[in-house]
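*Asks:* The following block contains a protein sequence and its predicted model.
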Amino acid sequence: MDKMIAFCGLTCTECLAFIATRKDDDEERKKVAKIWSKEYKSEIKPEDINCDGCLAEEESRVFNYCKVCKIRECGKEKAVENCAYCDDFACDKLNDFFKMASAAKAALEEIKKNL
Ligand code: SF4
Ligand code: SF4
């Protein structure tokens, strides 16, 4: 599959949840749930690890945390391909997120540069 860039600039196709879902691999789901539970200090169950990416057509196939993401919600409302295409790039919401996701920032800046 082609690379999928989320509204926020994360590369969904490289995300552990996306990869485990594509492989439909329960062992991998268990591993990802363990890693993310620790990382995000929250209880994430293996069955939560099901995601076709931020741009998935079926809302039920998006990971719970990304489903309620304000950046994603805003991008969908504005009907932009991702935030690089938005006239308000980069807004405060996005800049806050970029503080912990420099790769996402670089990805969107690269897209923006080539528009
Ligand atoms: S939308 Fe899904 S694939 Fe994309 S970053 Fe979130 S969990 Fe990963
Ligand atoms: S205002 Fe634009 S850049 Fe900010 S989150 Fe919404 S779509 Fe993305």
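*Replies:* Cool, the structure landed. Ligands and ions are numbered 1, 2, ... in the order given.
*Asks:* Could you use CA atoms for every contact and neighbour count after this?
*Replies:* Will do.
*Asks:* List the buried residues for the helix or strand bottoming out on mean pLDDT in the chain?
*Replies:* The weakest-scoring helix or strand in the chain, judged by mean pLDDT, DSSP states H and E, is helix 64-67 (a mean of 94). For helix 64-67, the neighbour count (16 or more other CA atoms under 10 Å) marks residue 67 as buried.
*Asks:* Next one: residue 85 relative to residue 72, how far apart?
*Replies:* Counting by CA to CA, to the nearest Å, the separation of residue 85 from residue 72 is 13 Å.
*Asks:* ugh, typo on my part, it should be residue 6
*Replies:* Residue 6 is 8 Å from residue 72, where distance means CA to CA.
*Asks:* Look at those two and report which has more neighbours.
*Replies:* With other CA atoms under 10 Å as the criterion, residue 6 and residue 72 differ in neighbour count, and residue 6 comes out ahead with 23 against 19.
*Asks:* give me every residue that touches the more buried one.
*Replies:* Residue 6 makes contact with 12, 53, 54, 55, 72, 82, according to CA atoms under 8 Å, 6 or more residues apart in numbering.
*Asks:* could you redo the last one with a cut-off of 6 Å?
*Replies:* The neighbourhood of residue 6, defined by CA atoms under 6 Å, 6 or more residues apart in numbering, consists of residue 54.
*Asks:* pLDDT wise, what is it at?
*Replies:* With respect to pLDDT, residue 6 scores 98.
*Asks:* and the least confident helix or strand of the chain with ligand 1, contact?
*Replies:* Yes - using CA under 6 Å from any ligand atom, helix 64-67 reaches ligand 1 at residue 66.
*Asks:* C-alpha coordinates for that helix, PDB please?
*Replies:* Only the C-alpha atoms of helix 64-67 are listed here, as PDB (Å, rounded to 0.1, in the frame of the first residue of the first chain):
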ATOM      1  CA  ASN A  64      -9.600   4.900  19.700                       C
ATOM      2  CA  TYR A  65      -7.100   7.600  20.500                       C
ATOM      3  CA  CYS A  66      -6.800   8.700  17.000                       C
ATOM      4  CA  LYS A  67     -10.600   8.600  16.600                       C
END
